[in-house]
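S.K.: based on what follows, work out the 3D shape:
(4 chains)
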Number of protein chains: 2
Amino acid sequence: MAEVAKEAGVSITTVSHVLNGTRHVNEKTVARVRKAIEDTGYQPHSIARALAGAPTQSIGLAISGIANPYMVDFISAIEAEAAEHDYTLLLGDTHDEPNKELQMVQELVRRRVDGLVLAPSPGAMDQAVRYLAEQSTPVVLLDRFLPLDVDQVGTENEEPAAQLVEHLAQLGHRRIGLVAGLEGLSTTEERIAGYRKGLQRGDIEFDPALIAHGASQHEPARAATKRLLEGADPPTALLAANSAMTIGVMHALRERGLEVPDDIALVAFDDFEWSDLFRPRLTVIAQPTRVIGARAVQLLLARLAEPGLAAQSVRLKPTFVHRESCGCGHDAPSGAG
Amino acid sequence: MAEVAKEAGVSITTVSHVLNGTRHVNEKTVARVRKAIEDTGYQPHSIARALAGAPTQSIGLAISGIANPYMVDFISAIEAEAAEHDYTLLLGDTHDEPNKELQMVQELVRRRVDGLVLAPSPGAMDQAVRYLAEQSTPVVLLDRFLPLDVDQVGTENEEPAAQLVEHLAQLGHRRIGLVAGLEGLSTTEERIAGYRKGLQRGDIEFDPALIAHGASQHEPARAATKRLLEGADPPTALLAANSAMTIGVMHALRERGLEVPDDIALVAFDDFEWSDLFRPRLTVIAQPTRVIGARAVQLLLARLAEPGLAAQSVRLKPTFVHRESCGCGHDAPSGAG
DNA sequence: CTGTTAGCGCTTTCAG
DNA sequence: CTGAAAGCGCTAACAG
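M.R.: Take a look at the predicted model:
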């Protein structure tokens, strides 16, 4: 930068100002400086810039189960939206453990991200989120909601889950099992609530024995499903509460030699790119994941631009994608509700 | 840090040294400093540290198609291995475009990552990789290989692809189509070479009309497959050269009303987590993706620790996973080769 | 074994 | 419209 200044015959102050548009500079001077920047091949030093107090133009993304199919779309959408606005992404996996999450978030804050997008673990409220509040680091919550005055984006859970269950009930199922997610997650609780609501609408009594705890993950869901199937009076239909668990459920079903939908019906939360193509074709609730991800960074950037903004809680509507795993029997048009 | 120094009654130099273990410090002093660090709740300022010349403890990951199922495992494995060694990940999508990639890489270098893992696009050699060489920023290439003296990790492609085709030939297929990846990628070229080798072994003449160009992506693969199927004397068996394209191929097959393996056989490069569970059960070559990702950061860290190391080119062996989409007809044990 | 001090490359008052 | 200079919080000679 000193080099540029010398080359252009100005002070580094002026170079800084033309670089950042921080104050008015004479047109000709600007031109000279720009040329000098070209000629010297100057590259701004983001570290120094950050140390001197400028924003880092980076945002942190702390999320659990990076490899989970249902998180991947978020990451991708968030990266795209961030890149669009010239922000760089720092990525970390929280593994949905409050301590790891806190460490991750602290690390991100130490690295002076301008703000971060967080899929809060159960317990985040007392750890990571509290910490962020203390640091007054802007954050937007992704996927899971917290009863806080903080920006948050996710999907609706209760009513869609209810619809899934209601559909099953209408098909005559009375024993409908739920493979539920990690306890303490708003998504988990809301989907359970939706499950119960759907039961009610179908005039089915709630049986706690029909809820299996799949911890939002593949392997626990497999084990939980097996237990469910081994019970007395096992379910004739299943709702898997997210995509990772759907894989686990299918696994358990296969081990028991059960075919979908002939032997057991299956519906799920979260869609797969390939759901249309492979059998059984899953009837699911599809989240607008890319929109949610994009929206998260938009909220964050809005807050960075104007810190005083009122916190927003955004619920996006998912889509009921009716396919064949519910066992409808009729040729359900794909993509229809 | 000044606060810690005062609290402990030492200079900030000493604080720095106990923090980094950069030189010997009296045991008692160390204890006092540590206590002061506790008491003050001191958090190291990584930006300042970096500006003063210390490494940033961060690595950049520049990769294409973040949402692609076959890249996700890499990201996840790399994040895990990086976190394991207390490195933070900066993530960016190159979209397999040399210019975007160069920009991405420059950005990462400006942010002073200690090194980076790059899945080089076609053209990377003349842009991003050349740039990195000029900056002498350590890099390890992931997935795709380049004829350069640089660390690189990926899988074997030629022989496995040949095996897939050979298997098809043994089943009696004479018209075997290939949905090939993005041109200019080593993986693409090697898999094409393997395809031809497999043809030879099956004593089948190579017909260029049977190669469709799927650009390594879902949608182009779909279109390419459709063209392939519409040709005169269409293929009776298909090899999809990566997982994203497998989805595209399935899509095209579905549009034509073709069932796998009854109407057409299908084998593919890359496995899916759910391949065992959904029909058709895909016969594939499964890469050890997590190992590859972990290995990439290990190579990088080794080089950071000892810059003089000779560059390594590591080829990991994939697994032939024999399932049903090849149309074998016999009950192939899953996971067997 | 410990402290003093000169930067790292930038932003931003303050002064002109 | 422009410049001088004081940091930002740390690391690493250099000096003792």
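S.K.: next structured bit after the strand or helix carrying A:G293?
M.R.: Using DSSP states H and E, A:G293 sits within helix A:289-305. Where DSSP H and E defines the elements, the next helix or strand beyond helix A:289-305 is strand A:313-316.
S.K.: now that following strand: buried residues?
M.R.: By neighbour count on 16 or more other CB atoms under 10 Å in any protein chain shown, the buried set for strand A:313-316 is A:S313, A:V314. The C-beta positions use only the backbone N, C-alpha and C, and glycine is treated the same way.
S.K.: residues making contact with it?
M.R.: A:145, A:151-156, A:287-288, A:291-292, A:295, A:299 (CB atoms under 8 Å, 6 or more residues apart in numbering or on different chains).
S.K.: filter these down to the buried ones.
M.R.: Neighbour counting with 16+ other CB under 10 Å marks A:F145, A:D151, A:Q152, A:V153, A:G154, A:T155, A:Q287, A:P288, A:I292, A:R295, A:L299 as buried within the contacts of strand A:313-316.
S.K.: let me know the secondary structure of the residue lying closest to the second one once chain neighbours are set aside.
M.R.: In space, and not counting its chain neighbours, A:D151 is closest to A:V140: 4.1 Å by CB to CB, 6 or more residues apart in numbering or on different chains. Taken by DSSP: H, G, I helix; E, B strand; the rest coil, the conformation at A:V140 corresponds to strand.
S.K.: quick one, what contacts A:V140?
M.R.: Neighbouring residues of A:V140 by CB under 8 Å, 6+ apart: A:115-118, A:150-153, A:296-297, A:299-300, A:303.
S.K.: widest-spaced pair of those residues?
M.R.: Greatest spatial distance among the contacts of A:V140 (CB to CB): A:V150 and A:V297, at 15.1 Å.
S.K.: neighbour count for the two, which is higher?
M.R.: The residue with more neighbours, out of A:V150 and A:V297, is A:V297; 27 against 22, by other CB atoms under 10 Å in any protein chain shown.
S.K.: I'd say that one and A:L89 touch.
M.R.: No. Contact criterion CB atoms under 8 Å: A:V297 and A:L89 do not qualify, at 9.2 Å.
S.K.: which neighbours do these two share?
M.R.: With contacts defined as CB under 8 Å, 6+ apart, the residues shared by A:V297 and A:L89 are A:I59, A:I78, A:A82.
S.K.: mind putting these in CSV, secondary structure and neighbour count included?
M.R.: Listed next are these as CSV, based on DSSP: H, G, I helix; E, B strand; the rest coil; neighbours: other CB atoms under 10 Å in any protein chain shown:
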residue, secondary structure, neighbour count
A:I59, strand, 27
A:I78, helix, 28
A:A82, helix, 26
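S.K.: which of these sits closest to A:G257?
M.R.: Checking the shared contacts of A:V297 and A:L89 against A:G257 by CB to CB gives A:I78 as the nearest, at 40.7 Å.
S.K.: what sits against that closest one?
M.R.: By CB under 8 Å, 6+ apart, the contact list for A:I78 reads A:L61, A:L89, A:V117, A:G293, A:A294, A:A296, A:V297.
S.K.: mind checking which helix or strand the third one is in?
M.R.: When secondary structure is defined by DSSP H and E, A:V117 falls within strand A:115-118.
S.K.: just checking, next helix/strand downstream of that strand?
M.R.: Sequence-wise, the next helix or strand downstream of strand A:115-118 (DSSP H and E) is helix A:128-135.
S.K.: output the contacting helices and strands for that next one.
M.R.: Contacts defined by 3 or more CB pairs under 8 Å, 6 or more residues apart in numbering or on different chains; DSSP states H and E place helix A:128-135 against helix A:98-110, strand A:115-118, strand A:139-142.
S.K.: please redo it, this time with the cut-off set to 6 Å
M.R.: helix A:98-110 (3 or more CB pairs under 6 Å, 6 or more residues apart in numbering or on different chains; DSSP states H and E).
S.K.: list the buried residues of the helix it packs on.
M.R.: Neighbour-count burial for helix A:98-110 flags A:P98, A:K100, A:E101, A:L102, A:Q103, A:M104, A:V105, A:Q106, A:E107, A:L108, A:V109, A:R110 (criterion: 16+ other CB under 10 Å).
S.K.: now do the phi/psi pair for the spatially closest residue to A:R290 that is not a sequence neighbour.
M.R.: Leaving aside its chain neighbours, A:R290 sits nearest to A:A77 (4.1 Å; criterion: CB to CB, 6+ apart). Dihedral pair for A:A77: phi -70, psi -40, per degrees, to the nearest 10.
S.K.: try the one 4 residues further on
M.R.: When quoted as degrees, to the nearest 10, the phi and psi of A:E81 stand at phi -70, psi -40.
S.K.: what of the one 10 residues further on?
M.R.: Recorded main-chain torsions at A:L91 are phi -110, psi 130, according to degrees, to the nearest 10.
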